[in-house]
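> here you go, sequence then predicted model.
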Amino acid sequence: MNDLTFYIDKFVYTEKEQEPDLGFVPANIRRRFNLEDKHTVFSINYCMREDAEEIVFASQYGCFDRLQKLTEQFKEMKEVSPALFSTSVHNTSVGQYTLLTKKTLPSLAISCGEETFIQGLITAITTKKTVVYCFLDFFGDIKSIGFSISPTQTSRKYVLKRNETLDGTMDLRDITGLFEGKTKKAVFGGYTIEEDSYD
């Protein structure tokens with residue numbers, strides 16, 4: 001893989017104990033959101049740009065609790081609730097956001113096991129479009145990471161490189177530290193992301 005250059009101007013992350021500010025969502029709709037919906041919708045909305053062309057959503061498990069309820073319901077009753085089934089798909093939260101805001105952007109959902117974050121990022125960069133990228137972690141302390149990616153110079157420039165070895169496990173704190181400007185690079189899962197200066 002060749003080095004990939006990208007630019008970020010909006011960045012946000014949410015933590016497990018945090019209650020995202022969804023004041024823009026009507027109360028009757030907000031009540032139907034589960035925790036993962038709230039974190040995803042907040043992150044995408046925060047990072048949305050007027051010139052955004054696509055949403056890329058990445059999550060290893062999606063909203064795992066919905067799938068678990070669906071499975072348990074089928075085991076007990078040999079049938080499932082259509083309402084529960086319709087909200088069990090991987091990109092439910094993104095669909096809810098686009099319906100809520102009447103955005104007609106295409107969206108893409110990515111799931112690649114432990115490489116989900118990085119493969120979602122590679123997908124977002126290689127579209128060569130202005131993309132809102134959101135990563136949702138169902139089990140982690142950091143629930144979501146969102147940022148807008150541009151293929152052209154905006155504010156902060158980063159380079160994604162493939163390492164020669166596959167050493168290093170992903171730590172979302174390294175990613176948040178990098179995009180907050182606290183560190184200059186994050187190394188994980190065979191990849192390095194480095195902040196770079198403008199050309």
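Yep, that arrived.

> now tell me what touches stretch 119-134 from outside.
Residues outside stretch 119-134 that contact it (C-beta atoms under 8 Å, 6 or more residues apart in numbering): 1, 4, 6, 40, 43-44, 47-49, 51-58, 94, 105, 108, 110, 112, 135, 144-151, 160, 193. Where C-beta positions appear, they are placed from N, C-alpha and C, glycine not excepted.

> off-centre distance for it?
Its chain's C-alpha centre and that of stretch 119-134 lie 10 Å apart, by C-alpha atoms, centre = their mean, to the nearest Å.

> average pLDDT across that stretch?
Average pLDDT, stretch 119-134: 95.

> returning to what we had before: report the buried members of the contacts of stretch 119-134.
Neighbour-count burial (16 or more other C-beta atoms under 10 Å) is assigned, among those, to 4, 6, 40, 43-44, 47-48, 52, 54-58, 94, 105, 108, 110, 135, 144-151, 160, 193.

> those residues in strands, which ones?
Those of the buried ones among the contacts of stretch 119-134 mapping onto strands are 4, 6, 54-58, 108, 110, 135, 144-150, 160, 193, per DSSP state E.

> what count of nearby residues applies to N2?
7 (other C-beta atoms under 10 Å).

> how much space between it and I193?
15 Å (C-beta to C-beta, to the nearest Å).

> could you do V12 as well?
Distance, V12 to I193, using C-beta to C-beta: 17 Å.

> how about F139?
Taken as C-beta to C-beta, the span from F139 to I193 is 22 Å.

> any idea how far F74 is from F138?
On the measure of C-beta to C-beta, F74 and F138 end up 20 Å apart.

> look at these two and report which has more neighbours.
Neighbour count, other C-beta under 10 Å: between F74 and F138, F138 has more, with 16 against 13.

> assign the more buried one to helix, strand or coil.
Following DSSP: H, G, I helix; E, B strand; the rest coil, we place F138 in the coil state.

> wait, it sits on H39?
No. Contact between F138 and H39 fails when scored by C-beta atoms under 8 Å: they sit 9.8 Å apart.

> thought N91 was touching S107?
Yes. Counting by C-beta under 8 Å, N91 touches S107, with 6.3 Å between them.

> quick check: which element contains G23?
Here G23 is covered by no helix or strand, with elements defined by DSSP states H and E.

> look up the pLDDT of it for me, please.
93.

> check the gap between it and V131 for me.
25 Å.

> repeat that for V41.
In terms of C-beta to C-beta, V41 sits 17 Å off from V131.

> so which of the two has more stuff around it?
V131 (28 against 25).

> so what's that one bridging to?
Here V131 sits in beta bridges with E54, I149, as judged by DSSP bridges.
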